[in-house]
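*Asks:* Kindly return the folded structure for what I paste below:
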Amino acid sequence: MSENGFSGFCRADGRVGVRNHLLVLSTVALTNRLAEMVAESVPGSLLLTAEFMRGLRGRDVLIQNRVIDGMIRHPNVGAVLAIVHDAAAGERMRETLAHAGKPSDVLVFMNAHGMADAVAEGRGALMRLAAAIAGAARETVPWSRLAVALECGGSDATSALFANPVIGRFVDWLTDRGGTAIVSETAEFIGAEPVVRSRAATPAVAAQILDRISRIEEMMKADGEDYRGVNPTAENLAAGLTTLVEKSMGAVAKTGKAQFVACLDFAETPQQAGLCFMDTPFFSPVSITGMVCGGAQLVLFGVGVFNPSGNPLAPTIKVCGNPATMQTWADSLDLDVSGILSADRNIDEMATALRETVARVAGGAQSCAESWREGQIIAPKSVAAL
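*Replies:* Numbers count the residues shown, from 1 in each chain. The predicted model follows:
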């Protein structure tokens, strides 16, 4: 692995993709079936058909639009065919794509003369876009151009002791070289407030993150549920965790020792390099959606008991330190760090192995989650739609 950089696709906006996806994006659930039929015409194209809705209100509209925009602009996307429902949506989408800096087209469902016509038009557009990016070549770029999302799931004692600390060691290495890491799941920071206070780059950043943590805890209490009383979950307890603070500190271990430089809203793009906190729900497909749509090109996922989460836009690298999980789910995990438990390996050695794995996957090698096509795009909603 080169200490100097990784291999990726340089984009017009200065970011670098680790994939060159030909994206077929359905922007509303009404066009999902059309998008499926269009994507069938070009093998290897990436179909995304999240359950995007009409009738959303307030903040939910902002979040859904930010997620859609984040997918279109994502550095792992080389070209995009956006499928919209009506002419007005088509005009708005053309304006968005004009600033995306990549080959693109818009298919307006209601402008077609029947389904067969819509499918034919979409397939023609998709083939043209495929030709436009067919000659794209990778270049070696510095590690400062990489942004990774940090996730953990199925947490157990080995998560806190092995998998997450290995990821944390990588985060320190990456941020020391000017790279970016994003951590989310606000509820997972309940009980870890002292870490935020001690590691925030400024008092303002600390206050912003602590406010988000406090708000989510108060919201859960308002629903009649004390998070400190229901977490760890039954799954976590069965896996060996005993207290909320134990679980939270284990989760925070994946951030290493770097300072928190920013507090981000859901799917917001970091404006500076370093370790960023993102305010998201704790359901892993949702939190990963936020971080990836904020621009993370790769996901690093610490696993105790197996978790099938991933994301279709960004390769997910799963790191596991539980020998039993590694034995059962070997075909779905990318890096075995259980050698730390047996004292055959140490955290520094496994952090080096993770860097090598990241370099290979960034350079085009498939992660296990990619090979199984795991992952969803899910935008959170806070109020009932009209």
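*Asks:* which element is the spatially closest residue to residue 129 that is not a sequence neighbour on?
*Replies:* Once flanking residues are discounted, residue 129 sits nearest to residue 79: 4.2 Å by C-beta to C-beta, 6 or more residues apart in numbering. C-beta: built from backbone N, CA, C; applies to glycine. Take DSSP states H and E as the rule and residue 79 turns out to sit in strand 77-84.
*Asks:* what's next to the very next helix or strand once past that strand, contact-wise?
*Replies:* Downstream of strand 77-84, the next assigned helix or strand under DSSP H and E is helix 87-98. If you take C-beta atoms under 8 Å, 6 or more residues apart in numbering as the criterion, helix 87-98 is touched by 27-28, 69, 72, 80, 82, 84, 104-106, 108, 110-111.
*Asks:* With stretch 53-62 instead?
*Replies:* Stretch 53-62 is contacted from outside by 28, 29, 64, 379, 380, 381, 382, 383, 384, 385, 386, using C-beta under 8 Å, 6+ apart.
*Asks:* on that earlier part again, buried members of the contacts of helix 87-98 into PyMOL, please.
*Replies:* Of those, the buried ones can be selected in PyMOL as follows, counting by 16 or more other C-beta atoms under 10 Å:
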select buried, resi 27+28+69+72+80+82+84+104+105+106+108
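*Asks:* Next step: the contacts of helix 87-98 restricted to strands.
*Replies:* In this view, those that belong to strands under DSSP state E are 80, 82, 84, 104, 105, 106, 108.
*Asks:* Can you lay out these as TSV showing pLDDT and distance to residue 131?
*Replies:* Output for the ones in strands among the contacts of helix 87-98, formatted as TSV (pLDDT from 0 to 100; distance: C-beta to C-beta, whole Å):
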residue	pLDDT	distance to residue 131
80	98	15
82	98	18
84	98	23
104	98	14
105	98	12
106	98	18
108	98	22
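*Asks:* what about the strands in the stretch 151-300 of the chain?
*Replies:* Applying DSSP state E, counting those that start in this stretch to the stretch 151-300 of the chain gives strands spanning 180-183, 260-264, 274-278, 298-303.
*Asks:* helices or strands up against the helix or strand just after the longest one?
*Replies:* Yep, that's strand 298-303 we're talking about. Proceeding N to C from strand 298-303, the next assigned helix or strand is strand 316-320, under DSSP H and E. Where contact means 3 or more C-beta pairs under 8 Å, 6 or more residues apart in numbering; DSSP states H and E, strand 316-320 is packed against strand 298-303, strand 335-336, helix 347-362, helix 368-371.
*Asks:* Any chance you could list what contacts the third one?
*Replies:* When contacts are taken as C-beta under 8 Å, 6+ apart, the neighbours of helix 347-362 outside the stretch itself are 1-2, 6-8, 18, 146, 148, 162, 165-167, 169-170, 173, 297-298, 300, 315, 317, 319, 334-335, 337, 339-340, 367.
*Asks:* List buried residues within those residues.
*Replies:* The buried subset of the contacts of helix 347-362 (16+ other C-beta under 10 Å) comprises 6-8, 18, 146, 148, 162, 165-167, 169-170, 173, 297-298, 300, 315, 317, 319, 334-335, 337, 339-340, 367.
*Asks:* Next one: residue 257 relative to residue 198, how far apart?
*Replies:* Distance of residue 257 to residue 198, computed by C-beta to C-beta, to the nearest Å: 10 Å.
*Asks:* go on, residue 298?
*Replies:* For residue 298 relative to residue 198 (C-beta to C-beta), the value is 27 Å.
*Asks:* again with residue 52
*Replies:* Relative to residue 198, residue 52 is positioned 40 Å away (C-beta to C-beta).
*Asks:* who has more neighbours, these two?
*Replies:* When residue 52 is set against residue 198 and neighbours are counted by other C-beta atoms under 10 Å, the residue ahead is residue 52, at 21 against 10.
*Asks:* Contact partners for the closest residue to that one other than its chain neighbours?
*Replies:* Excluding the flanking residues, the one nearest residue 52 by C-beta to C-beta, 6+ apart is residue 28, at 5.0 Å. Residues near residue 28 by C-beta under 8 Å, 6+ apart: 52, 53, 54, 84, 85, 89.
*Asks:* 10 Å - rerun?
*Replies:* 49-54, 64, 68, 83-86, 89, 109 (C-beta atoms under 10 Å, 6 or more residues apart in numbering).
*Asks:* Looking at the helices and strands packed on strand 316-320, which one is packed in the most?
*Replies:* Ranked by mean neighbour count, these are led by strand 298-303 with a mean of 28 (mean count of other C-beta atoms under 10 Å).
*Asks:* Tell me the gap between stretch 379-386 and the middle of its chain.
*Replies:* Chain-centre distance of stretch 379-386: 21 Å, with C-alpha atoms, centre = their mean, to the nearest Å.
*Asks:* do the same with stretch 136-143
*Replies:* Chain-centre distance of stretch 136-143: 21 Å, with C-alpha atoms, centre = their mean.
*Asks:* Pull out the buried residues from it.
*Replies:* 138, 141, 143.
*Asks:* Give me the phi and psi for the closest residue to the last one other than its chain neighbours.
*Replies:* Think residue 143. Distances taken as C-beta to C-beta, 6+ apart place residue 177 nearest to residue 143, at 4.4 Å, with adjacent residues excluded. As for residue 177, its main-chain torsions (degrees, to the nearest 10) stand at phi -100, psi 10.
*Asks:* ends of stretch 183-203, how far apart?
*Replies:* End-to-end distance of stretch 183-203 (C-alpha to C-alpha, to the nearest Å): 19 Å.
*Asks:* Begin at 48, not 1, for the rest of this chat.
*Replies:* Shifting the count to begin at 48 puts that one at stretch 230-250.
*Asks:* Going by neighbour count, list what's buried in it.
*Replies:* Result for stretch 230-250 [16+ other C-beta under 10 Å]: buried residues 230-240, 242-243, 246-247.
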